[in-house]
Each structure stands twice: as structure tokens, then as C-alpha cells.
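1. pasting the sequence and the predicted coordinates here, then a few questions.
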Number of protein chains: 2
Amino acid sequence: MTVYKAPLEDYKFLFHEVFNVVDVCKRLGYDQVDQELIDIMTEEWSQFVTDVWKPSNIDGDKFGSQLKDGAVISAPGFKEAWKQTVESGWLQAVCKEEHGGMGLPLFFRNAMDEPAISCNMAISVVAALSLGVYDLIIKHASQEIIDRYAIPVSSGEWCGTMCLTEPHCGTDLGLIKTKATPQDDGSFLITGTKIFITAGDHDLSDNIVHMVLAKLPDAPEGSRGISLFLVPKFLDDGDGLSNKINGTSVSGIEEKMGLHGSPTCVLNFDSSKGWLMGEAHTGMAKMFEMMNRERLATGMMGLGLGEIAYQNALAWSLERSQGRDLRGMKDLDAPADNILVHPDVRRMLLKAKVNCEGTRALGTWIGILLDEMNKGDGECKENANALIALLTPVMKAYSTDIGCQSASLSIQVMGGAGYCTEYGVEQFYRDVRIAPIWEGTNGIQALDLVGRKVTQNFGKNLRHLLWPLLEFIEENREVDGMVEFNKPLHQSVKGLQQLTLLLMAEGAGNPHFLAAGATDYCTYFGNTMLAYLWARMAKVCLAAKSAGTSTDFHDAKLASASVFFAEIHPDNAGLVAKIMAGHKHLMAYPEAAF
Amino acid sequence: MTVYKAPLEDYKFLFHEVFNVVDVCKRLGYDQVDQELIDIMTEEWSQFVTDVWKPSNIDGDKFGSQLKDGAVISAPGFKEAWKQTVESGWLQAVCKEEHGGMGLPLFFRNAMDEPAISCNMAISVVAALSLGVYDLIIKHASQEIIDRYAIPVSSGEWCGTMCLTEPHCGTDLGLIKTKATPQDDGSFLITGTKIFITAGDHDLSDNIVHMVLAKLPDAPEGSRGISLFLVPKFLDDGDGLSNKINGTSVSGIEEKMGLHGSPTCVLNFDSSKGWLMGEAHTGMAKMFEMMNRERLATGMMGLGLGEIAYQNALAWSLERSQGRDLRGMKDLDAPADNILVHPDVRRMLLKAKVNCEGTRALGTWIGILLDEMNKGDGECKENANALIALLTPVMKAYSTDIGCQSASLSIQVMGGAGYCTEYGVEQFYRDVRIAPIWEGTNGIQALDLVGRKVTQNFGKNLRHLLWPLLEFIEENREVDGMVEFNKPLHQSVKGLQQLTLLLMAEGAGNPHFLAAGATDYCTYFGNTMLAYLWARMAKVCLAAKSAGTSTDFHDAKLASASVFFAEIHPDNAGLVAKIMAGHKHLMAYPEAAF
């Protein structure tokens, strides 16, 4: 059995001391939100997933989902956990009140994601997909569809999926073959095969609502000819759900390295009745609204699994004595000292911990920007749009890469125990490895960042990001205690500007240069955003110290900031050199010699 | 089913063009060894493991070993594969002729390890352990034991294990509790529990010969009071093996993340009869002779699994078309271009490939040094001793770290397919993760390097390593085409000298400083050794070009060298900063805040 304690104190710090979310909420019209409400909700949701979701996580891994007689049977405990979730009404926290929701701000959804993923990633993705489908429905579906689907999908009574990938195409969706044939009643018949469909079928809910990319008969070639359809597993026969499946069938579920509790389905649509979401041929843009939200949720997976891996490695470490403090025995009565006396053990644990604390700050920041994008106006909205455009691929790629790293460090701390199933951490290592892959591989995120988001609107996005950041650096140049953080931050921000210019200048003539450096640029970008957030967090702590209001928590957070700048931030030095090395060594490599 | 083709051409290049092994062999008295013999043996062994070991590798993962009625049953196909291996006589290739061996040079064993690990790591470790036990027996056992055990252990008719870890201690073996009680006949009765015993029991062989660390009644405290014993599973009753087990029993096998084909046993010794190996209380040193050999074999695991992961990612890539070349369509007749047009895909594949090529060179170099240590005299032996002392921890840690990285890159190239069991690569990712842990975690290797090997003999080891290296750099300062490689090599070597001085100076007063930087120093060290080997390989290729004898292979190798210096070597910049950051941020971190 694994241990887990939701990082509530860290969230309180981020919400109320770093980002002042209550002020933001007031400004954006979330009048009912106050500090107490946020703290209670965060705590209660964490408790809920700990009590209801976590107990089945190991069985999810051990038994997985099973395909029996054409239907997917969930892992033991999943059905009951989901039933309680639906009944609790929790999934509707950020949904509109008119759909039975609580209308809470969106940043709360990111904060909900973390403990949910830590406790049971396989269930958490069902929730994330269902909420993604809810968002699409209320924005793009006809009123009739909204009236029928919005409430059950938001509550989790019905679940959602996204159906993009086909056997011959994943990244390159322009190649899809699934067809949609218009019917006289305004509906469409969808036919085709989709693969890698997460939770494509299961027995958690009465119905499953698929968001399917398909091509109309007159569709233009490529990705501009793709439309989005809502295709339910069961149709409504006017008097509730029919018991006849709407032409969908599961022909297989993948055996995977991890995330066994989550069925990854081969899903066939055979003249399945569906409805067009919005205009014809605009499916990619709509799917990307959902995709972008799922990318943020995927970023949170790096955090959620990194965090629980760390917590279990720490729990193990606190019980483990081995060797002696190199500066002299610590525990004279024991045959060995606790392993926290060893600098290398501390290095591994703290790197994992600080990875989590940093991406938690990034996830919280982005959550607030989602609210500003959603409810803000004028400059506030424009600014949020720009930052989210940039930070979505960074959150997805950077956070999942370091999530894998945190899980690996946690295993390493535990030695052989880390590799053994009994201690639970190896599951997190396997589960988290999907996160850099799905919802667009991290390589695709990097290309999205450098090839689209940075250049969009003549570089305006980046100016929105960097101007306040440079201002922050300037403000803190002389602030007591801030030099240690501000100086390396400044250096990285200058580096980011120079690298961006280099990539744009060289990339204009040769896109291979740009693409060769994309992944390292994205990591550099993430590292620099984290440097900024760590400096901001440090500033809050230093201010609390000056004001005499600081606690042990603030001291620890300052110590974490130092760990970030000593152990993680220096990677930027190597990344600069790699980006500047360009593309020739890659593109000139003789193909026959691979 | 996975694909695999042993890298024979690369071995020929390393053997005959880079390291001139035939000359070395002649010098050391291996008179029978010529180029043809080495090439044929390498090829035939590779073919043997591909034909005989590889087919059961997936079943090894899928079904694993099973504990039934107190005995371990091997995965399907393993028994037959091992039987053929014993019959073939292959395992004795590097064993003495008097024990039925072929007396081949030791470097050949490293070269044998790689394809063996690629094809079936679970079986390869049985071979590695058995040969390790053989080495110990012929060096330290009584003639009576040698006569009885050397031949069956070298052939694989009997297998070997090493029994160190106990539930409460792994890294800190001074704490072991297993007891050895002297008997009147000169033997000992061993009692205790050992855990994490790889291939501690199985049905591949008639007998299993355990090397067990235990304490005699009068033993000094700690690691200076440990003795090494040979304890067979079955005793010889004078007329062959008795059918009564010698007090050993298996009370469990671990469920693990990977390497399911290899049973990791909890092994109980209950008054098991055994014999002292060498003097009393000298067990740690003897175990370390075997351990050091296994550390090199573990280093080869990073290579072997990285290589086969890469090969399968490449095979997949060559079949996959997705998106278009950013400089314009390549394949006009197809709906998409092959993914090798994408710089980021090339970056991932080539990084994995070059990781493998580099550590293959390192493994080959160390193999030759083993021969020089074994058969050389005077300065040759002293030099080899010094280099092996330094390079053993580096090979173990660096090669296994980047082996994990190569497997991860290979998965990432394949996207969702990389995560699915069907394509086989995810198994390599899980299997290789044990390598940074066992045979001393990589953190322990790093401490061994910086805390012992570098300081030994007043730094003499490092002088043995660096003097010829600096000479090489000097020689190539003006050589055409070498600047690209020589310059960054020079920079890293200078950095290594400075970092070493810093760690020694600061570490003398504060060992925490030294220990905090150990892991990053070890990586820096490995990276610098690789830079040297890449420069050496580049020089050979450039010379072949000048002489007009170069082939496509040489061009590809030069291209690989460029990839190393552009994509891997720059990490050293970040590592320097991390090492210089010292220990305070780690040791001052408040314990309650972990």
C-alpha cells in the first residue's frame, strides 16, 4: 500500500500568498469565492479521492481492464469508485450552475487534477475526458444536444472520449479516413476505425459520448477537411437510453507498459449516428480546444505522479538506515544512520520534490490565466490568451518530462525496493511514461511552441510574457536576499530572448534549424518559467520574513528555491549549446547508416 | 516480435581500427588470436544468442519465473535455451583451457555480453553470475573445490549466484547478520536470510553455487568482519550430486517492474554447508572482485538494452510516414513523408544510437584493459589497474543512466506504439531500469569514484588516465578536421582537472561537499571519457579518409562523433555548475520539510 497526503499547505501558499486568487476571483465576478471556500473544497476533494479513488489504484494496475464479449470490464473497485464520484457531484465543481454545477473558477480544476492523478490516474483521465467533452458540448453543440447531454456528461453519469488517432495516423491527422455521411434528419452516419482511444469503452457509466474526427463527403484534403461529431454509444430513444448500441464496437484493448486500469481501445464506428459540432470542416480547431485543456491535464500528470512517487520514496527513506554520515555518526545507538544523512540521497529526493513544487506553481498560474481568459475582458483577456498559448505546450512537455524524472529519482532512492512491485513506486514510473506521449508527443509540443506560439501575432505572445517578467527582474535587482534567485533568472531570460531571435532568424531560411532545436528550446523555456516562479515564491517568503509573519513553511520554500537554482536551473547552460549546434549533424546523417 | 542485428561492423572497427586488439593480444601472449578468429567468434556468438536466447525473451517477460512448491520454475523456453548454451561450450570462451575453456582474451567477454543482453537479459545475467563465480573459485578456493566446481560452473552446467543483501542492509553490508559456524571437517554451517538474490533458484541447471557473505563467530564489527563462503544448493556425495538440498530454501520471489524472466529470490540458508573462500574476514575484498566484474557487465546492460531499443524504434520509424518535411514534401506520391525527415525524430534516434556507439567503445576499451591487467606486467599492468579502478564505476553508472535514456528516447520516437507491449520496446525500458540500481546503485558508484578511486595512491590513477589523454589532445591540436572534436574534449578535460581539485580541496574539510557533487561528477567524468573516445574514433576515420581507405562506415562514424559533440557533450556545462553549487542547499534543507 502506498502513502499519500495531498499538498494542501502548498496550495494554500500558492492560492493566497503567491497568486492572490481571491482578489482575482472578485475581479472576474466569482463573487461567492473566498479563501475559506477554496481551502475547504481543496481539502475535501483531496480527502474524497484519497478515500474513494486511491484504494483501487493498485488493483487497476494488477488486474487492468478486460475485454469480455465485446465489452470492457473495469478493474476491481473502479465501478464503485466512479459511482460514488457521480453521486458526490464533485466533477461538476467547475461546471455551470445551470447544468447542476457549482460554477467554481477554472484554476480549481487544475488543483483538483493533482490529487486525483496521484490517487488514481486511470480514473482521473475518465473525469478529464468527460469534462473536456462537456466544455465542447456547451460551446458548440445545438441547444437540443446541450439539453440532453450537458448534465449527465458533467456529472459523470455519462462519460466522454476523444477519437482522433487511426492506425496510419496520430500526429498527422490530415490523413484520417473515418467518414461521415449526412442524413436527411440533420444527423450523420459515422464509419471508421479509431485507435488508442482512452476509456473508449467501459462499464463505469450508462453511456459514453465520443467526440469523433471524421471527413464529410465533400471535405477538402488534409486537416482543413476534418469535422467533429458527437457520437453516443447509446442513442436516446425519447424515453431514456435505448439498449441498442449505436454501431460502435471495441475490437481490442492495448496491452501497455502501465496505466493498466485505463482501457486503451480500438474503436470501430459502423454507421454510428452522430451530430456535427459547429460548422463542417472546423473539427480540428474544436478538437484542439479540448486537446489544449487535456494537455494541461497531462502536464498535471507529471506533477501528480511525481508527487506521489516522491512521497513514497520519502516514507521509505525515513525508515531506512544505512551507512554513516560522512561527517561522523549521527545516531550513536543505532548500527547505522538514517539515509537522509547522505547528500546524494537528499539530492535525489529534493530534486523530485522541487520538480513537483515548481510545476505545481506553474499549473496554478495557468489555471488562473484560464479564468482570466474565460471571464476577463480587454487587456486582461488578451494577456491571458497570449500566456496560455505559450504555456500550454510548455506545461505539457516540461512537466511530463520532469514527472518521469521525479518518478525515476524516487525509484533510485529506494534501490532494489524501488524496482519491486510491493512498494508501489514502480507503478508510478510506468504510469507516468505515457504522459510525454499522448495528447501530442512532447516533440510536437515543442514544435507548437517554437513554430507557432512564439511567432503568432508577430511575437506578441512572447512580449506579453516577457515584459512583466523583465519588470520583475528589474524590481528585484536590489532587493535583499533576492540576488541569488534574480541573477540566474535574469541570465536565463536574456538567454531566452537571444535563443528566440536566433531560432526565428535561422529558422526563417531553414525550418530544420528551428525544428532541431525545438525540444531543447521548450525545456529551456520551461526551466526559465520555473526560475521566474521560484523567484516570485522566494520573494513572497522573504517579504513574510521581513514582516515577521513567516513560518517554517516559508523557510522550507526558500530552501526549495535554492535547490532549484543549484540542481535544476543549471541545465539551461547545456541546452543553449545544443540549440546553437543547429541541425546539420542531424539532417546530414547518412540515412543508410541509421 | 522484436528485430535485432548484432553491431558486428562496429565491433570490427573498434577491435581492429581503434584498439588494434590483435597487437595487444600478441603482446600479452594470446598467440592463437588473430583478426579472423575474433571476427568469426563475435559473429557466431551473436548468431547463437539471436537464434537460441532471443526467441524466449518476450515469454520471459510475459510469464516470468514462478515459485512452485518451494522451487523456481523458469519461463517457457529458458531451460531449452540454457541447455543448448551449456552444450555449445560458448560460456567457456574466456575460461582457462585446463577447465575446458578456449582461453580467449577477456575483452571478448565484454563483446559477448552486449548481444547476449540485447537478446535476453534475464538469461545473460545467469551467465554473468556463473562466470563471476568461476573467477572467484579458480582464484581463491582450495584445489579440492577447484577440481570439483571449476568445470561445471564455467560451462553453465552448474550456475552461480552472489548473496550479499539482507532485508536490513544492501549498500551497508557491514550490518549483515548471516552467520558461519566452523565445523571440525574444515567446512562451515551457514545460517541467515539473503534477499534480492538474482537467479537464487531456478531449474536451468543441476546445481547452483552460491557465493555467500557471512560472519564468523569471532568476526570484527562492520565490513572488516565479513567472510566469503561457497555454498552449493546440492552437496557432492562423492558419487555425484546428492538429491538432498543443502539447507537452502526460497521463501519468495519478488514481483518487479521488469526482468520478469530473472527470478529475484529471498534465499534462506539453514545450517547450509559451505567452504571459506580464502582467509577469514577478507570476504568483502573477494566479493568485490566479482562485484567489479559484474559492474562492468551491468554497464553493458545499458548498452545492450539501449541498442535493441534503438534498433526497434528505427525499424518502426522506417515504416512510419507522418507529416511533411518542413523544407518541402519529400515523397510526392505518398500522403505523408517518412518520419526520418523530421529533425526531432532524428535527434531522438541519433542520440540513442550515439549513446550506444560511445559506450560500446568504452566497454571495448575496458575489456582490453582487463587483459592488460591480467596478463601484462610492469607499467602496462599498473596502468591498466589504475584505469580500471577509475573506469569501472563510470562504466557502471554512466552507461546504465544513458541506457535508460536511450530506451526512453526509443519509446518516444514511436509515440503510442512505444508504450504498447505489442512492439516490444517498453519491455526494454522496464528491464534496463534495474541496471542503475543493482551491483551498487549509481550513487554508490559515484562515491566510489570520487571518494576512493580518484584519491587512491595520491591521485595516481587519474594521472595514468589523464597524461595520455592530454598528450592526445596536444597531438591533435593542428590535425585537419580534428578541431571540432579536440576543442570541446580539451575543455572538458581541463574542467575535469579543475573539478577534481575543487572536490578534493573542499571535500577534505567537508566530505558533504564531495558527496553532494559525486553523481554529477561521475556523469561529467563519463561524458569526458566518451568525448575522448569519440575524438579517437574520429581520428581513425579521418586517417582512413586521408589514406583513401575510408568507407561509408567511416563517414557515418564521423557523423556520429558530430552528434555526440552537439547533442550529448554540452551537458557538461550544466554539470559543472551543479557540482560547484556544493552541498549547503541539500544539507541545510529542514528535515521536517522533506
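-> Happy to help now that I have it.
2. show me the helices in the stretch 51-200 of chain A, by range?
-> A:57-63, A:78-88, A:107-140, A:143-155 (DSSP state H, counting those that start in this stretch).
3. please enumerate the helices of the stretch 301-450 of chain A.
-> In the stretch 301-450 of chain A, the helices defined using DSSP H, counting those that start in this stretch lie at A:343-375, A:378-414, A:416-419, A:425-432, A:442-448.
4. out of those helices, deepest packed?
-> helix A:425-432 (a mean of 27; mean count of other C-beta atoms under 10 Å in any protein chain shown). Bear in mind the C-beta positions are built from the backbone N, C-alpha and C, glycine included.
5. CA atoms only: put it into CSV for me.
-> Output in CSV follows, covering the C-alpha atoms of helix A:425-432 (Å, rounded to 0.1, in the frame of the first residue of the first chain):
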residue,chain,number,x,y,z
VAL,A,425,6.6,3.3,-6.8
GLU,A,426,7.5,1.4,-9.9
GLN,A,427,3.8,1.6,-11.0
PHE,A,428,4.1,5.4,-10.9
TYR,A,429,7.2,5.2,-13.1
ARG,A,430,5.3,3.1,-15.7
ASP,A,431,2.1,5.1,-15.5
VAL,A,432,3.7,8.4,-15.9
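6. anything in that helix near chain B?
-> Yes. Using C-beta under 8 Å from any C-beta of the partner chain, helix A:425-432 reaches chain B at A:426, A:429-430.
7. ok, the residues you listed vs residue B:541, which is closest?
-> Distance to residue B:541, by C-beta to C-beta, is smallest for residue A:429 among these, at 38.9 Å.
8. tell me the confidence at the spatially closest residue to the closest one that is not a sequence neighbour?
-> Once flanking residues are discounted, residue A:429 sits nearest to residue A:407: 4.2 Å by C-beta to C-beta, 6 or more residues apart in numbering or on different chains. Residue A:407 carries a pLDDT value of 98.
9. go on, residue A:240?
-> pLDDT, residue A:240: 84.
10. give me the number of residues near it?
-> A total of 9 residues lie near residue A:240 under the criterion other C-beta atoms under 10 Å in any protein chain shown.
11. tell me how far the residue of the stretch 101-250 of chain A at minimum distance from chain B lies from residue A:222.
-> Here the stretch 101-250 of chain A gets closest to chain B at one residue, residue A:172, 4.2 Å apart by C-beta to the nearest C-beta. Between residue A:172 and residue A:222 the computed distance is 9 Å (C-beta to C-beta, to the nearest Å).
12. who has more neighbours out of the two?
-> residue A:172 (19 against 14).
13. the more buried one contacts residue B:334, doesn't it?
-> No. Using C-beta atoms under 8 Å, residue A:172 makes no contact with residue B:334, being 11.4 Å away.
14. joint contacts of those two?
-> Counting by C-beta atoms under 8 Å, 6 or more residues apart in numbering or on different chains, residue A:172 and residue B:334 have no common neighbour.
15. interface residues of the stretch 151-300 of chain A facing chain B?
-> Residues of the stretch 151-300 of chain A lying near chain B (C-beta under 8 Å from any C-beta): A:165, A:169-172, A:175, A:195-196, A:254-258, A:264.
16. can you rerun that using 10 Å?
-> When proximity is defined by C-beta under 10 Å from any C-beta of the partner chain, the stretch 151-300 of chain A lies next to chain B at A:165, A:168-175, A:195-196, A:221-222, A:252, A:254-259, A:264.
17. out of those, which end up buried?
-> The neighbour count (16 or more other C-beta atoms under 10 Å in any protein chain shown) marks A:165, A:169-175, A:195-196, A:254, A:256-259, A:264 as buried among those.
18. in strands, which of those fall?
-> A:195-196, A:264 (DSSP state E).
19. would you turn these into a markdown table with pLDDT?
-> Shown next, in a markdown table, are those (pLDDT from 0 to 100):
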| residue | pLDDT |
| --- | --- |
| A:195 | 97 |
| A:196 | 95 |
| A:264 | 97 |
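20. any chance of the residues you listed in TSV, with distance to residue B:69 too?
-> What follows is these, written out as TSV (distance: C-beta to C-beta, whole Å):
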residue	distance to residue B:69
A:195	43
A:196	42
A:264	37
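21. now the one residue in the stretch 1-150 of chain A that gets nearest to chain B: how far from residue A:258?
-> Closest contact between the stretch 1-150 of chain A and chain B, by C-beta to the nearest C-beta, is at residue A:62 (9.3 Å). For residue A:62, the distance to residue A:258 equals 12 Å [C-beta to C-beta].
22. how about residue A:19, phi and psi?
-> Dihedral pair for residue A:19: phi -110, psi 0, per degrees, to the nearest 10.
23. the spatially closest residue to it that is not a sequence neighbour and residue B:582, how far apart?
-> Of all residues not flanking residue A:19 in the chain, residue A:368 sits nearest, at 5.5 Å (C-beta to C-beta, 6+ apart). Taking C-beta to C-beta as the measure, residue A:368 falls 36 Å from residue B:582.
24. thought the residue of the stretch 1-150 of chain A closest to chain B was touching residue B:255?
-> Yes. Between residue A:62 and residue B:255 a contact is recorded at 9.3 Å, counting by C-beta atoms under 10 Å.
25. what's the overlap in contacts for these two?
-> Common contacts of residue A:62 and residue B:255 (C-beta atoms under 10 Å, 6 or more residues apart in numbering or on different chains): residue A:421.
26. of all the ones in strands among the buried ones among the residues of the stretch 151-300 of chain A next to chain B, which comes closest to residue A:46?
-> After measuring those against residue A:46 - C-beta to C-beta - the closest member comes out as residue A:264, at 27.6 Å.
27. next, count neighbours for the nearest residue to residue A:54 once chain neighbours are set aside.
-> Nearest residue to residue A:54, sequence neighbours excluded (C-beta to C-beta, 6+ apart): residue A:119, at 3.9 Å. For residue A:119, the count of nearby residues is 26 (other C-beta under 10 Å).
28. residue A:119 touches residue A:5, doesn't it?
-> No. Residue A:119 sits out of contact with residue A:5 when judged by C-beta under 10 Å, with a separation of 11.1 Å.
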